[in-house]
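Participant: this one's structure only:
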């Protein structure tokens, strides 16, 4: 839906406590109103009432940061039947003489739609939001477990002998079990006692985080199986990759095309030709978590999927490098998964 389908556009710059909005008339591009609203339910109601009095007609809202500070406003407007688009926050570019204020940012948000930028709709809540929360919690648990394991192995390097010689030969599972079994001993050297206590607590932390990760993984598996059983039936698509894809895709119609989905995934080809060399490279932008999910799917297919292995061999025979073959595969996977997602039945 383009800007000329609306009579008015409202841009919103969002923050924790206050949002700034700018109302523009579409035909002339003139600024009709600037206002601030409180970032809470009564502020949303007052803002909508003000806009309804001032701009009675077809209107669209462009909410900057609709997945963070602007999520409450975007949800409120969608429930009220308003047309809402999301706008990514602009990257910081340092001072550079760039004018900066909340009203100006709200004005820029509105003008982005007037300029013809293809903006996406805000992500849906419900199961998609539940998946996002579970994924981010699991991600932090995995990262914290990795850090605790690294700390434990670093302590083994510098711990006193003969404890060092005993522990460095153990596998991860036996090491964790041995460290969890450490007990305080009377008359023990203070250095050894402190090291054993630190190792015991780190081993317990690793065990707790591993159990937390397993619980989150089970919940993600169940939710993905319920929401998109056809997605995890695809070759190389596991529950975590499927969950990341669902979180970024969100719902049918949010992204205008499979090309937009590929661009969001960082799988869109970018011309990189020079002289007599004609080639393309992958986009380094986009959602890197979605890009990582696509990469994991491609790596799995290149190892175990016969059709993919044959495809890569054909590409290599044509003179493409392994990296270029991977680029082509990512673009193909993005296209096929987007079509599968768009064809899925809407949740009841």
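Facilitator: Received the coordinates, thanks. Nothing here was measured: the structure is a model prediction, and the numbers come from that model.
Participant: Tell me which residues are up against stretch 100-112.
Facilitator: 9-13, 15, 18, 20-24, 29, 31, 34, 36, 62-64, 87, 90, 119 (C-beta atoms under 8 Å, 6 or more residues apart in numbering). (Each C-beta comes from the backbone N, C-alpha and C, glycine too.)
Participant: Give me the PyMOL select line for the residues you listed, limited to the buried ones.
Facilitator: Buried residues within the contacts of stretch 100-112, by 16 or more other C-beta atoms under 10 Å, are selected in PyMOL with:
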select buried, resi 9+10+11+12+13+15+20+21+22+23+24+31+36+62+63+64+87+119
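Participant: Sort out for me which of the contacts of stretch 100-112 are in strands.
Facilitator: Secondary structure from DSSP state E places 9-13, 18, 20-24, 31, 34, 36, 62-64, 87 of the contacts of stretch 100-112 in strands.
Participant: my read: residue 39 touches residue 20, true?
Facilitator: No - applying C-beta atoms under 8 Å as the test, residue 39 and residue 20 come out as separate, 10.7 Å apart.
Participant: now do the same end-to-end measure for stretch 176-184.
Facilitator: 17 Å (C-alpha to C-alpha, to the nearest Å).
Participant: In it, which residues are buried?
Facilitator: Result for stretch 176-184 [16+ other C-beta under 10 Å]: buried residues 176, 178-179, 182.
Participant: Save the residues you listed as a markdown table, and put in pLDDT too.
Facilitator: Listed next are the buried residues of stretch 176-184 as a markdown table, based on pLDDT from 0 to 100:
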| residue | pLDDT |
| --- | --- |
| 176 | 95 |
| 178 | 94 |
| 179 | 94 |
| 182 | 90 |
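Participant: can you give me the helices in the stretch 151-300 of the chain?
Facilitator: 163-167, 172-180, 190-227, 229-232, 239-249, 258-264, 288-304 (DSSP state H, counting those that start in this stretch).
Participant: Just give me how far the longest one sits from the chain centre.
Facilitator: So the one you mean is helix 190-227. Mean-position distance between helix 190-227 and its chain equals 24 Å (C-alpha atoms, centre = their mean, to the nearest Å).
Participant: Check the last one too.
Facilitator: On the basis of C-alpha atoms, centre = their mean, the separation between the geometric centre of helix 288-304 and that of its chain is 15 Å.
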